[in-house]
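Visitor: Provided below for reference: sequence and predicted model.
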Amino acid sequence: MRSPKGRLEDQARLQSGESGRAMRMFLLTYEYGSTTVPLARCAELFGYSPDEAAKRAARAALPVPAFRCGSQKSPWLVNVEDLADYLETQRRQALQEWKRVNGVPYQLS
């Protein structure tokens, strides 16, 4: 039986690198049911209402690329790969800040 420390090391290894990225993309695809997510469904992740997110998408002012398939009346979409990268960047920044505030030497997993 693995010790808790061993399991945590396994988890850290999975969360880093390409395998962790693939896992995050898989989980987002599972959550949203597609590899392209309607902006209205994920707008809250950026701190915007769906209407504000759509306005920002039109100005290319979101933290991830948004696109439309078809006409200008088509809904704005976000790719799960871009969404996963954005969330990982936010997680890394929060972890760095948390470690700085709590006096823990910064070492990213």
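Guide: Yep, that arrived. It should be emphasised that the depicted structure is a prediction, and the values quoted were computed from it without experimental measurement.

Visitor: doesn't residue 57 make contact with residue 50?
Guide: No. Using Cβ atoms under 8 Å, residue 50 makes no contact with residue 57, being 10.3 Å away. For every residue, glycine as well, the C-beta is placed using N, CA and C.

Visitor: show me which of these two is the more surrounded one.
Guide: residue 57 (22 against 16; other Cβ atoms under 10 Å).

Visitor: just the pLDDT for that one.
Guide: pLDDT for residue 57: 98.

Visitor: and residue 53, by the same measure?
Guide: For residue 53, the predicted pLDDT is 98.

Visitor: output stretch 35-49 as CSV - backbone C-alpha positions only.
Guide: Only the C-alpha atoms of stretch 35-49 are listed here, as CSV (Å, rounded to 0.1, in the frame of the first residue of the first chain):
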residue,chain,number,x,y,z
THR,A,35,-14.3,20.5,-27.1
THR,A,36,-15.9,23.9,-27.9
VAL,A,37,-17.7,25.6,-25.1
PRO,A,38,-20.3,28.3,-25.6
LEU,A,39,-18.9,31.5,-24.1
ALA,A,40,-22.2,32.0,-22.2
ARG,A,41,-21.5,28.8,-20.2
CYS,A,42,-18.0,29.6,-19.2
ALA,A,43,-18.1,33.4,-18.9
GLU,A,44,-18.2,33.2,-15.1
LEU,A,45,-14.7,31.7,-15.1
PHE,A,46,-13.5,35.0,-16.4
GLY,A,47,-15.6,37.0,-13.9
TYR,A,48,-18.0,38.3,-16.5
SER,A,49,-21.7,38.0,-17.2
